[in-house]
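Visitor: for reference, the sequence and a predicted model appear below.
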Amino acid sequence: MQIITLEQIRQLDKATTRTIPELFRDENGHMNVQYYVHLFEGGVWHLLQRIGMTEDYLQAHQMGNFALEQHLRYLAEIHIGDTVSVYVRVVGLSPKRQHIIGFIVNDTREQLAATVEAVGMNIDMRQRRGAPFPKDVKAKFDALLEMHSKLDWDAPICGLMQA
């Protein structure tokens, strides 16, 4: 995996910040693996809201967003009491799908703790099947992809997923 600096990651919008509670502790004394996905999901919701896919919008249009696949890379431990931030970058789009990567940065220790790469699909909740993004949402997603594509560093994707 190529080395990405915190300075590069912080060129993205910060989606969320959280101090890790005792509840997240596992038997090894650090944050349990299930909470990496939990933190990433918070970043995804921030991204969806940024492009207009709020809970009200999804309900009014009877849409949803389903995860299709994910790839996690654990790079450094996160301890209870550490403060972490999540940043999300769009790396690919199709009419129905988005390919994104999230960066979980341990602000307390100033290190990249994990990446979470994912492909999600826009869903028509009436049929519970994939459906094209509405034009207004797709235009905002396209603009975000264009902006993220102009960054001077490549996203460290696994190479197996695509939108």
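Guide: Good, I have the coordinates. Numbering: from 1, shown residues only.
Visitor: skipping adjacent residues, who's closest to Lys14 in space?
Guide: Spatial nearest neighbour of Lys14, chain neighbours left out: Ser85 (5.2 Å); criterion: CB to CB, 6 or more residues apart in numbering. All C-beta spots, glycine's among them, are computed from the backbone N, C-alpha and C.
Visitor: what helix or strand is Asp136 on?
Guide: In the assignment (DSSP states H and E), Asp136 maps to helix 135-149.
Visitor: right, I mislabeled it, should have said Phe66
Guide: strand 63-74.
Visitor: coming back round to it: ok, the residue nearest to Lys14 touching Thr17?
Guide: Yes. Under the criterion of CB atoms under 8 Å, Ser85 makes contact with Thr17 at 4.6 Å.
Visitor: am I right that Phe24 is in contact with Met31?
Guide: Yes. Using CB under 8 Å, Phe24 is in contact with Met31, at 4.8 Å.
Visitor: low pLDDT regions in this structure?
Guide: Filtered on pLDDT under 70, the chain yields the residue ranges 1.
Visitor: for the spatially closest residue to Ala67 that is not a sequence neighbour, what are its contacts?
Guide: Spatial nearest neighbour of Ala67, excluding adjacent residues (CB to CB, 6+ apart): Gly120 at 5.3 Å. Shown in contact with Gly120 (CB atoms under 8 Å, 6 or more residues apart in numbering): 44, 65-68, 97-98, 100.
Visitor: now Lys150
Guide: Neighbours of Lys150 in contact, by CB under 8 Å, 6+ apart: none.
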